[in-house]
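K.L.:
curious how this folds, go ahead:
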Amino acid sequence: MSAPAVRAAATLLVALLAPFQQRAPDFARQLEQQADTDKTWRAAGDGYMQVEKITYRSKAGDIDIPAFVFQPLKLRGAKGHPAIVWVHENIRGHLYEHYIPYIREATAKGYIVIAPEYRGSIGYGKAFYDAIDYGGLEVDDVVTAAEVLKTKYPQVDPARIGIMGWSHGGMITLLSIFRNPTLFKSAVAMVPVTNLFQRLAYKGVERQHELIDPANRYGGLPAERRDVYKDRSPVYSVDRLQIPLYVGVTKNDEDVNIEEDMQLVDALRARKPALAETTVYDNPPGGHTFDRRVDPKTWQPENTREQRDSWNRVWTFLDWHLDPFHADMRSSTK
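P.N.:
Residues are numbered from 1 along each chain as shown. From the prediction side, this is the model:
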């Protein structure tokens, strides 16, 4: 092959591979965007809730975790409020502004909300980004938030702490309650990642491994490290469930495909029917994000019937188990 032909072939190969190569993150830009997000959250609290940004040391002991804390405008006093650990979506995400109307609603009900920006989240620099440990130490980061509520916020009732997450955050929610069976009072996992074997096989083993484990903390692919992938796949720990759990999924999910999620739903229905509630939606607008879609100008939810139904079920479930309307759960039974 002639030199020009070699160069042409090389150019073509680069062009073909370009869509599959990840660009290096712009960490300076991410920091700027996070500062804007912080401002948006503070402004969103005006007239609705108290907003605070804190950091705490992860129980893993190696990193400080930023977190938002949202409280009702009027507090009841010691142990007067239940709390929710709110776990954001995406492998590389943060507390998105589309949660604004729902966290406002939570605080209006009487909940205190803590939203940890667990390791690997964007907006906190390169070292934090590179510390990603998918299904591993990030779970410790999130679980520590419950301990922060107990020790730093006397207005939180330690017996009424729930946890809720979406997608990857749903996976973290499930791993949190399976590894710490009695730490939380109840849990909600929406469209959660459930089975890494299924996920990698369905979406491409090498590509998914690079996304979730860029530093190769797992030590290899599923066939090489079955124990690691199994430990980080919630579907294999269903028998550890000891608290009430609600799971919502949808058939038109293009991220966490229904073939993956139904493994968890079926396992819960078969083996934990007394503790688990599940809903399978058919074809809601938005698919994977159907329950979180809002108008970015007004922060008003889209208000589709599936979105309304989903939040009605979630709040009914959490309100029943955490009772945000009373300073003491016993007062609701008198």
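K.L.:
C-alpha only now, for contacts and for neighbours.
P.N.:
Will do.
K.L.:
how many neighbours does R42 have?
P.N.:
Neighbourhood size, R42 [other C-alpha atoms under 10 Å]: 17.
K.L.:
and the pLDDT at it?
P.N.:
pLDDT, R42: 98.
K.L.:
who's T279 bridged to?
P.N.:
For T279, the beta-bridge partners under DSSP bridges are G248.
K.L.:
how much space between it and V85?
P.N.:
T279 sits 22 Å away from V85, going by C-alpha to C-alpha, to the nearest Å.
K.L.:
who has more neighbours, these two?
P.N.:
Using other C-alpha under 10 Å, the more surrounded residue of T279 and V85 is V85, with 25 against 14.
K.L.:
OK, contacts around the nearest residue to that one once chain neighbours are set aside?
P.N.:
Nearest non-adjacent residue to V85, counting by C-alpha to C-alpha, 6 or more residues apart in numbering: I163, 4.5 Å away. By C-alpha atoms under 8 Å, 6 or more residues apart in numbering, the contact set of I163 is I84, V85, W86, V87, T173, F184, S186, A187, V188.
K.L.:
for I163, what are phi and psi?
P.N.:
phi -140, psi 140 (degrees, to the nearest 10).
K.L.:
beta partners for it?
P.N.:
Counting by DSSP bridges, I163 forms beta bridges with V85, A187.
K.L.:
all helices for the stretch 51-200 of the chain, in order.
P.N.:
100-109, 126-130, 137-152, 168-179, 196-203 (DSSP state H, counting those that start in this stretch).
K.L.:
over to the stretch 201-334 of the chain?
P.N.:
For the stretch 201-334 of the chain, applying DSSP H, counting those that start in this stretch gives helices covering 205-212, 226-231, 258-271, 305-322.
K.L.:
now these as CSV including mean pLDDT and distance to D64?
P.N.:
Shown next, in CSV, are these (pLDDT from 0 to 100; distance: least, C-alpha to C-alpha, whole Å):
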stretch, mean pLDDT, distance to D64
helix 205-212, 95, 21
helix 226-231, 98, 25
helix 258-271, 98, 32
helix 305-322, 98, 29
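K.L.:
residues of stretch 61-79 that come out buried?
P.N.:
Using 16 or more other C-alpha atoms under 10 Å as the test for burial, stretch 61-79 gives I63, D64, I65, P66, A67, F68, V69, F70, Q71, P72, L73, K79.
K.L.:
using CSV, lay out these together with distance to H94 and pLDDT.
P.N.:
Below are the buried residues of stretch 61-79 laid out as CSV (distance: C-alpha to C-alpha, whole Å; pLDDT from 0 to 100):
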residue, distance to H94, pLDDT
I63, 17, 96
D64, 15, 98
I65, 12, 98
P66, 10, 98
A67, 10, 98
F68, 11, 98
V69, 14, 98
F70, 16, 98
Q71, 19, 98
P72, 22, 98
L73, 24, 98
K79, 29, 97
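K.L.:
so where is the chain shaky, pLDDT-wise?
P.N.:
Applying pLDDT under 70 to the chain picks out residues 1-22, 329-334.
K.L.:
any chance of CSV for the helices of the stretch 201-334 of the chain, columns mean neighbour count and distance to P192?
P.N.:
As requested, these are exported to CSV (neighbours: other C-alpha atoms under 10 Å; distance: least, C-alpha to C-alpha, whole Å):
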stretch, mean neighbour count, distance to P192
helix 205-212, 15, 15
helix 226-231, 16, 16
helix 258-271, 17, 7
helix 305-322, 16, 15
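K.L.:
A145 is nearest to which of those helices?
P.N.:
With C-alpha to C-alpha, the closest approach to A145 among these belongs to helix 305-322: 17.2 Å.
K.L.:
tell me which residues are up against the closest one.
P.N.:
Everything outside helix 305-322 that qualifies as a contact, by C-alpha under 8 Å, 6+ apart, is 82, 160-162, 185-188, 244, 246, 248, 281, 284, 290-292, 329.
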